[in-house]
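Asks: with the input below, show me the fold.
(one chain, ligands or ions: 2)
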Amino acid sequence: MSKIILTGDRPTGKLHVGHYVGSLRRRVELQDSGEYDKVFIMIADAQALTDNAEHPEKVRQNVVEVALDYMACGLDPEKSTLFIQSQIPQLCELSFYYMNLVTVSRLQRNPTVKSEIQMRKFESSIPVGFFTYPISQAADITAFQATTVPAGEDQMPMVEQTREIVHKFNAVYGDTLVEPKILLPDNQACLRLPGTDGKAKMSKSLGNCIYLSEEADEIKKKVMSMFTDPNHLRVEDPGSLEGNTVFTYLDAFCRKEHFGRYLPEYEDLDELKAHYQRGGLGDVKVKKFLNHVLQEELELIRARRKELQKDIPYIYEVLRRGSEEAEQVAAQTLDKVRDAMKINYFSDTELIQGQAEKFQ
Ligand code: ATP
Ligand code: MG
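Replies: Residues are numbered from 1 along each chain as shown. Ligands and ions are numbered 1, 2, ... in the order given. Just a heads-up that it's a prediction; the model follows:
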């Protein structure tokens, strides 16, 4: 069976380091590994509109920002198909059919949707489109027969729900759809990178992000004001790693060779952590180290982005070509789905003949 990747991001803002460690970095590795037959990367503008219906311009402006971030990180249009969700009409049709296979109570139980509803303060005025976005996500994944979805931890319930829809569809209509698996980051800290404010998740909608395109002095400012251990007041006090954002970021970004370059008095992160816990290591020193590590990682991305920004029509051309290719693939899946669901009236000659005989 082919190995196919589908994943994506909502164009609700520029991409941040949470996206990078949660999904983007891995995607580039997978793209370059040669192990996958196809890699589809989707800019989920239609999904972004489910909770931004009144802000179409925001979504529109951010499509190109996300595409620039993708390519700056190393997603290569020669190897991956980069496309825009709304340009693939088949995704709407698939969602419409899948809606018959999911109950309202099952959607209400989806923990990510639950917490997002709370976060957005929708209370009882939840847009139907937002409430049902896990179904449209199932359409996105299955339209491309994806086997693998590299994503952060918050996407687990979505992929689980997709698997349920696939099971149900195949059980009712016959084997048609492919069951996908989520591919989570190996590194615990990358599953859900917290915000610079220490909040559970760095998220575009929460304004607690370090963006991939951020300038060096801005990154430094954000790192130096990052949340640490609020009880670690004096350098000599023992510090706690629990919920200490600076150490979580080091877990996500730092490699052994960084110590040689920026903090040679320590062998590795374990040694630095032990000193912090013992007492005698100040937050400022750890933050300065993190700043070096982040600057090193983001410098190249920022430089590539600046180059790409010089030719924006090319970026749109990449997305147009990608969308055309994606539509062809989705159309093939939709043909299969229509056959399986027996709504292929005009291409099924047996049906027409059988009906004709019935009425003789
Ligand atoms: P929004 O606030 O608009 O929902 P977001 O910042 O949550 O935006 P998404 O576009 O919803 O970003 O998520 C895109 C991908 O990035 C998903 O695979 C998601 O799991 C991953 N991701 C987002 N935030 C983080 C994070 N803080 N840590 C790890 N992965 C993340
Ligand atoms: Mg999100």
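
Asks: output the contacting helices and strands for whichever strand or helix holds F40.
Replies: Taking DSSP states H and E as the definition, F40 sits inside strand 38-43. When contacts are defined as 3 or more CB pairs under 8 Å, 6 or more residues apart in numbering; DSSP states H and E, strand 38-43 sits against strand 4-9, helix 25-33, helix 56-73, strand 81-84, helix 312-340. Any C-beta I mention is one placed from the backbone N, CA and C, and that applies to glycine too.

Asks: and the strands in the stretch 51-200 of the chain, which stretches?
Replies: 81-84, 148-150, 181-183 (DSSP state E, counting those that start in this stretch).

Asks: quick one on the thing from earlier: same list (the helices and strands packed on strand 38-43) but as JSON lines, adding mean neighbour count.
Replies: Output for these, formatted as JSON lines (neighbours: other CB atoms under 10 Å):
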{"stretch": "strand 4-9", "mean neighbour count": "24"}
{"stretch": "helix 25-33", "mean neighbour count": "18"}
{"stretch": "helix 56-73", "mean neighbour count": "19"}
{"stretch": "strand 81-84", "mean neighbour count": "24"}
{"stretch": "helix 312-340", "mean neighbour count": "17"}
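
Asks: of those, which approaches A143 most closely?
Replies: helix 312-340 (4.2 Å; CB to CB).

Asks: buried residues of the following helix or strand past that closest one, list them for me.
Replies: Counting by DSSP H and E, the element after helix 312-340 in chain order, helix or strand, is helix 349-358. For helix 349-358, burial by neighbour count (16 or more other CB atoms under 10 Å) applies to no residue.

Asks: centre of the chain to helix 349-358, how far?
Replies: Averaging C-alpha positions (CA atoms, centre = their mean, to the nearest Å) puts helix 349-358 47 Å from its chain's average.

Asks: now stretch 256-276
Replies: 31 Å.

Asks: before we move on, back to that, dump the strands of the stretch 51-200 of the chain to JSON lines, plus mean pLDDT and distance to ligand 1.
Replies: Output for the strands of the stretch 51-200 of the chain, formatted as JSON lines (pLDDT from 0 to 100; distance: least, CB to the nearest ligand atom, whole Å):
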{"stretch": "strand 81-84", "mean pLDDT": "98", "distance to ligand 1": "14"}
{"stretch": "strand 148-150", "mean pLDDT": "96", "distance to ligand 1": "7"}
{"stretch": "strand 181-183", "mean pLDDT": "96", "distance to ligand 1": "9"}
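
Asks: how about the residues of the chain by ligand 1?
Replies: With the criterion set to CB under 6 Å from any ligand atom, the chain comes near ligand 1 through 9-10, 12, 18-19, 22-23, 151-152, 154-155, 190, 192-193, 201-205.

Asks: mind checking which of those residues land in helices?
Replies: The helices, defined by DSSP state H, take in G18, H19 from the residues of the chain next to ligand 1.

Asks: just the buried members of the residues of the chain next to ligand 1?
Replies: If we count by 16+ other CB under 10 Å, the residues of the chain next to ligand 1 have these buried: 9-10, 12, 18-19, 22-23, 151-152, 154-155, 190, 192-193, 201-204.

Asks: contacting residues for the nearest residue to A326 once chain neighbours are set aside?
Replies: Once flanking residues are discounted, A326 sits nearest to F83: 4.1 Å by CB to CB, 6 or more residues apart in numbering. Residues in contact with F83 (CB atoms under 8 Å, 6 or more residues apart in numbering) are F40, I41, M42, I43, L319, G322, S323, E325, A326.

Asks: stretch 213-230: which residues count as buried?
Replies: Those would be S213, E214, I219, K220, K222, V223, M226, F227, T228, D229, for stretch 213-230 by 16+ other CB under 10 Å.

Asks: got the contact list for the helix or strand of the chain with the lowest mean pLDDT?
Replies: For the chain, counting by mean pLDDT, DSSP states H and E, helix 111-119 ranks last in confidence among helices and strands (a mean of 87). Identification of contacts with helix 111-119 by CB under 8 Å, 6+ apart yields 51, 107-108, 123, 126, 130-131, 133-134, 154-158, 205-206.

Asks: CA atoms of the strand holding F40 as CSV?
Replies: What follows is strand 38-43, C-alpha atoms only, in CSV (Å, rounded to 0.1, in the frame of the first residue of the first chain):
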residue,chain,number,x,y,z
LYS,A,38,3.1,11.5,-1.7
VAL,A,39,3.2,14.4,0.7
PHE,A,40,0.2,16.7,0.8
ILE,A,41,0.4,19.9,2.9
MET,A,42,-2.9,21.9,3.2
ILE,A,43,-3.5,25.5,4.1
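
Asks: how about residues contacting it?
Replies: Residues contacting strand 38-43 (CB under 8 Å, 6+ apart): 2, 4-9, 11, 27, 30-31, 63, 66-67, 70, 75, 79-85, 140, 144, 146, 319, 326, 329.

Asks: okay, the angle between that strand and helix 56-73?
Replies: 140 degrees (axes from the mean of the first three to the mean of the last three CA atoms, to 10 degrees).
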